[in-house]
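> build me a model:
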Amino acid sequence: MLLFSSIIIGIMFTVAIYLILENRLLPVLFGFGLLTHAANLAILTMSKNPIGKVAPIIKSGVTNYVDPLPQALILTAIVIGFGVTAFLVVLIYRLYTASGTTRIVTLFNEEISTK
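Residues are numbered from 1 along each chain as shown. Modelled structure (predicted):
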């Protein structure tokens, strides 16, 4: 199962980087979203198997606890990813309303030609 998860994470990172390097801004947005999900899945895969463990509440006689750190990191990454995605949506919308296109090459060519 670890090998399968690692392959899926590698594919997700590859597709995310490909989308981020696209010439249009909408695939860049989807690439950042996919990169966030791949990072969360990587953190979850690196954490140990929680089967047979109990919640990290101290009780007498229990020594096998689940590590809460990966869950906290993933929750934090979800919130940060949502903030970045919201920022990118507003940025892409603003660029589209200002220039009428979402193509990166066209945006930079217009900026260079106006100077």
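
> can you pull out the helices in the protein?
For the chain, the helices defined by DSSP state H occupy 2-20, 25-46, 69-99, 104-113.

> can you list the weak-confidence ranges in the chain?
Low-confidence segments of the chain, defined by pLDDT under 70: 107-108, 110-115.

> mind doing that once more with 80?
Applying pLDDT under 80 to the chain picks out residues 1, 48-59, 62-63, 105-115.

> and the most centrally placed residue in it, how far from Lys59?
Nearest to the mean C-alpha position of the chain, by CA atoms, centre = their mean, lies Thr36 at 0.6 Å. Distance, Thr36 to Lys59, using CB to CB, to the nearest Å: 36 Å. C-betas here are computed from N, CA, C, even on glycine.

> before we move on, what about Gly52?
Note on Gly52: its distance to Lys59, by CB to CB, is 15 Å.

> likewise for Ile20?
The value you get for Ile20 to Lys59, if CB to CB is used, is 46 Å.
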